[in-house]
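Undergrad: What follows is a predicted protein model with its sequence.
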Amino acid sequence: MKVRVRFAPSPTGPLHIGGVRTALYNYLFARQNGGQMILRIEDTDQTRFVPGAEQYIIEALDWLGIKFDEGVHIGGPFGPYRQSDRKPMYRQYAEQLLRDGWAYYAFDKPEALDAKRKEYEAQKRTFQYDCHTRGEMDNSLNLSADEVQRRIDSGEPYVVRFKFPENLEITVHDLIRGDVTMNSNLLDDKVLFKSDGMPTYHLANIVDDHTMEITHVIRGEEWLPSAPLHVMLYRAFGWEDTMPQFAHLPLLLKPEGNGKLSKRDGDRLGFPVFPLDWHDPKTGELSSGYRERGYVPEAVVNILALLGWNPGTEQEILSMDELIRLFDISRISKNGAKFNVEKARWFNHEYLQMKSDEEIADLFEPQLKEHNVTASREYVVRVCGMMKERINFPSELWDTCCYFFEAPTEYDPAAIKKRWKPGMTTHMAKVVEILNTVPFEYEAIHKALLDDYITANGLNMGQVMNSLRLAVVGKTVGPDMITLVMTIGKDETVKRVNRAIDVIGEPQEN
């Protein structure tokens, strides 16, 4: 049987990176096995629908290179791929369960259910609609067939609940966790269908997976408690022979490891938990995304792949093709994976280093325009090649490289105090003389300045060279000093040193 997997998010807001990881693992598994990947939108709960969320999901996964063979945005032979568009088909399956004794009508009003919960709370118990309580509730198990039909015909609201057999051991085989067994007496009779014609997640999910011929369901561990119901639904429909295999993924945890990673954690620690920026249409609130923060999509994929799975080697930098080749469900951990903010930055740094100098220059161009800087393409590429190893994100390029394009207008006071000692104006004037007299070549400047002047005169190398850097950059940062001088040019260097001599002046002796 050809492997077919699906990613089936609900359009209730932005896609959390935990959901992205689920999509990624499905994609890796499908591609490794020569299978197919389907995008299905599960929008049975219309009260939680958020405009723009579906398109956000599609755009985010496309940015990350997670491609689909069928789906809501591209169609396919098993469509439609949006559950609200499949609404008419679900009723027949609910009716089949009712006919076969696997489900029943429940007419309990919300206030009656609330009263029952409060009654149990008063007894320090928790109410659950199950095999122990359904006999005392307002449902078709306790009503005549004529009364049930009369209520339905009169338009009385109802739900269809699954009827769990009593005291049945239900085993779910999980590809990550092995056999998970639960007794049916502990399970509540979940709602499968509502009188408005909409199924709940549980019914729609099983019907869709079966009719779309899904072979493997790879999803988050929050769905593990629902797995016994899903197994029983396959049994009730007579579909056990084609039931997909299940794999429930571990949670993504807070960096501290205590609980599920949330947007609040991202806000608190300054990192995104969504792939793209999200503008909430209800509140107008902006939540930042990895793309807009300057993360490379390949880095995000690499980060997420290793959160809960390992390739069995020490290798950390893995391309999508390598991930596809190495992916193995058996190497997914049962335990939650802590999100490591610093490691995420490291991954992004590594992937930026793999980009060509030209690609880095492309990322830098908007920042240059923002600062009204005009420079030749050749010069920008050269600077980016020299400085890209110093950045973790493209947004850092201007602060890292600005002195290649603009002379400093002020000087770091702490650096002046530490480096610009009495006599330094004389030394800087000598630097200007050397630059104006020796050939403007790296070796010639190095020899004349470092060997023939600083060393030969017994001067403090760090003091002079850091003062020169202060004059040229405005602070004591940057690449090799002579490389910097060679890059910005003799005239610009001389101009900057002379200005520093004038502005900083000669310090007074203490």
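TA: Arrived safely, thanks for sending. Residues are numbered from 1 along each chain as shown.

Undergrad: now the strands: where do they sit in the stretch 101-250 of the chain?
TA: For the stretch 101-250 of the chain, the strands defined by DSSP state E, counting those that start in this stretch occupy 103-106, 159-162, 169-174, 178-183, 191-194, 216-220, 245-249.

Undergrad: got a markdown table for those strands, with mean neighbour count too?
TA: From N, CA and C alone the C-beta is placed, and that goes for glycine too. Below are the strands of the stretch 101-250 of the chain laid out as a markdown table (neighbours: other CB atoms under 10 Å):
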| stretch | mean neighbour count |
| --- | --- |
| strand 103-106 | 23 |
| strand 159-162 | 24 |
| strand 169-174 | 16 |
| strand 178-183 | 12 |
| strand 191-194 | 22 |
| strand 216-220 | 21 |
| strand 245-249 | 21 |
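
Undergrad: Go through the ones you listed and name the closest to Ala337.
TA: Nearest to Ala337 among the strands of the stretch 101-250 of the chain is strand 245-249; the distance by CB to CB comes to 9.4 Å.

Undergrad: May I have that closest one as PDB, with CA atoms only?
TA: The C-alpha trace of strand 245-249 is given here as PDB (Å, rounded to 0.1, in the frame of the first residue of the first chain):
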ATOM      1  CA  GLN A 245      -0.900   3.300  11.900                       C
ATOM      2  CA  PHE A 246      -0.500   6.000  14.600                       C
ATOM      3  CA  ALA A 247       2.500   7.900  15.800                       C
ATOM      4  CA  HIS A 248       2.000  10.500  18.600                       C
ATOM      5  CA  LEU A 249       4.800  13.100  18.700                       C
END
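
Undergrad: What's the first helix or strand after it?
TA: strand 252-253 (DSSP states H and E).

Undergrad: Tell me the helices and strands packed up against that next one.
TA: Judged by 3 or more CB pairs under 8 Å, 6 or more residues apart in numbering; DSSP states H and E, the packing partners of strand 252-253 are helix 17-32, strand 337-338.

Undergrad: Number of residues surrounding Lys2?
TA: Lys2 is flanked by 10 other residues according to other CB atoms under 10 Å.

Undergrad: Name the helix or strand for the residue nearest to Arg21 when sequence neighbours are not counted, please.
TA: Using CB to CB, 6 or more residues apart in numbering and skipping the chain neighbours, the partner closest in space to Arg21 is Leu304 (4.3 Å). Here Leu304 sits within helix 297-305, counting by DSSP H and E.

Undergrad: who touches that helix?
TA: 17, 20-21, 24-25, 28, 63-66, 275, 290-291, 316-320, 323, 327, 343-344, 347-348, 350-351 (CB atoms under 8 Å, 6 or more residues apart in numbering).

Undergrad: And these, which of them are buried?
TA: 17, 20-21, 24-25, 28, 64, 66, 275, 290-291, 318, 320, 323, 327, 344, 347-348, 350-351 (16 or more other CB atoms under 10 Å).

Undergrad: And the helices and strands packed on strand 252-253: which comes nearest Asn372?
TA: helix 17-32 (36.5 Å).

Undergrad: The closest one - contacts with which helices or strands?
TA: Looks like helix 17-32 contacts strand 4-7, strand 36-39, helix 53-63, strand 216-220, strand 245-249, strand 252-253, helix 297-305, helix 320-326 (3+ CB pairs under 8 Å, 6+ apart).

Undergrad: Next, format these as a markdown table and append mean pLDDT.
TA: Output for the helices and strands packed on helix 17-32, formatted as a markdown table (pLDDT from 0 to 100):
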| stretch | mean pLDDT |
| --- | --- |
| strand 4-7 | 98 |
| strand 36-39 | 98 |
| helix 53-63 | 98 |
| strand 216-220 | 97 |
| strand 245-249 | 98 |
| strand 252-253 | 94 |
| helix 297-305 | 97 |
| helix 320-326 | 97 |
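
Undergrad: Those into TSV, with extra columns for distance to Tyr81?
TA: Formatted as TSV, these follow (distance: least, CB to CB, whole Å):
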stretch	distance to Tyr81
strand 4-7	9
strand 36-39	7
helix 53-63	11
strand 216-220	16
strand 245-249	21
strand 252-253	26
helix 297-305	24
helix 320-326	24
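
Undergrad: looking at these, which is buried most?
TA: strand 4-7 (a mean of 26; mean count of other CB atoms under 10 Å).

Undergrad: domain parsing for this protein?
TA: The chain breaks down by automatic domain parsing into domains covering 84-249, 355-396, 407-504.

Undergrad: tell me how far the ends of the shortest one are from each other?
TA: Translated: domain 355-396. Using CA to CA, to the nearest Å, one end of domain 355-396 lies 16 Å from the other.

Undergrad: In contact with Gly65: list those residues for me.
TA: Counted by CB under 8 Å, 6+ apart, Gly65 has contacts 297-298, 301, 320.

Undergrad: can you rerun that using 7 Å?
TA: By CB atoms under 7 Å, 6 or more residues apart in numbering, the contact list for Gly65 reads 297, 301, 320.

Undergrad: Tell me the one of those nearest Arg499?
TA: Looking across those and measuring by CB to CB, the closest to Arg499 is Pro297, at 43.4 Å.

Undergrad: now the strands of the stretch 101-250 of the chain in CSV, with distance to Asp451?
TA: Compiled in CSV, these are given as follows (distance: least, CB to CB, whole Å):
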stretch, distance to Asp451
strand 103-106, 91
strand 159-162, 86
strand 169-174, 70
strand 178-183, 71
strand 191-194, 85
strand 216-220, 65
strand 245-249, 62
